[in-house]
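K.L.:
The following comprises the amino acid sequence and a computationally predicted model.
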Amino acid sequence: VQLQASGGGLVQPGGSLKLSCGASGRFATINDMGWYRQAPGKERELVATITRGRSTNYADSVKGRFTISRDNAKDTVYLQMNSLKPEDTGVYYCYADIRRLGTMTPMNYWGKGTLVTVSS
């Protein structure tokens with residue numbers, strides 16, 4: 001099972017980016033999916049999560065600016081980021097809670113991260 005994130009890049013303050021993260025491999029179900037980020041010199045922090053039923057949760061710092069969504073048919077989670085600020089700069093990591101075929105217990109899988117830089 002692998003997660004592949006894409007969509008990062010350099011954007012000016014106030015701009016927008018959309019991140020994508022798709023799961024590949026053999027698995028039974030994907031439960032929660034989400035995004036974390038890690039700024040230089042800081043710990044990794046939660047950005048947003050979404051359940052299979054599409055209930056969402058956001059960090060206070062991104063509420064009203066970021067939107068998480070998912071396409072269960074494509075095993076993909078998205079993060080639409082608007083009104084970006086310099087403090088949103090960091091490496092964004094996607095994760096998914098996946099139950100592999102033949103198992104009963106789901107496990108967390110992580111993508112390698114995609115860099116988002118917000119700077120003028």
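P.N.:
Here it is on my side, so go on. Residues are numbered from 1 along each chain as shown.
K.L.:
what about the strands in this protein?
P.N.:
Along the chain, the stretches classed as strands by DSSP state E are 2-6, 9-11, 17-24, 29-38, 45-50, 56-58, 66-71, 76-81, 90-99, 107-110, 114-118.
K.L.:
What strands line up against the third one, and which way round?
P.N.:
Spelled out, that is strand 17-24. For strand 17-24, the paired strands and their directions (DSSP bridges) are strand 2-6 (antiparallel), strand 76-81 (antiparallel).
K.L.:
Which of the ones you listed sits closest to Lys63?
P.N.:
strand 76-81 (12.3 Å; Cβ to Cβ). Every residue, glycine included, has its C-beta placed from N, CA and C.
K.L.:
got a list of contacts for the closest one?
P.N.:
By Cβ atoms under 8 Å, 6 or more residues apart in numbering, the surrounding residues in contact with strand 76-81 are 7, 16-23, 33-35, 47-48, 50, 62, 65-71, 88, 92, 94, 96, 116.
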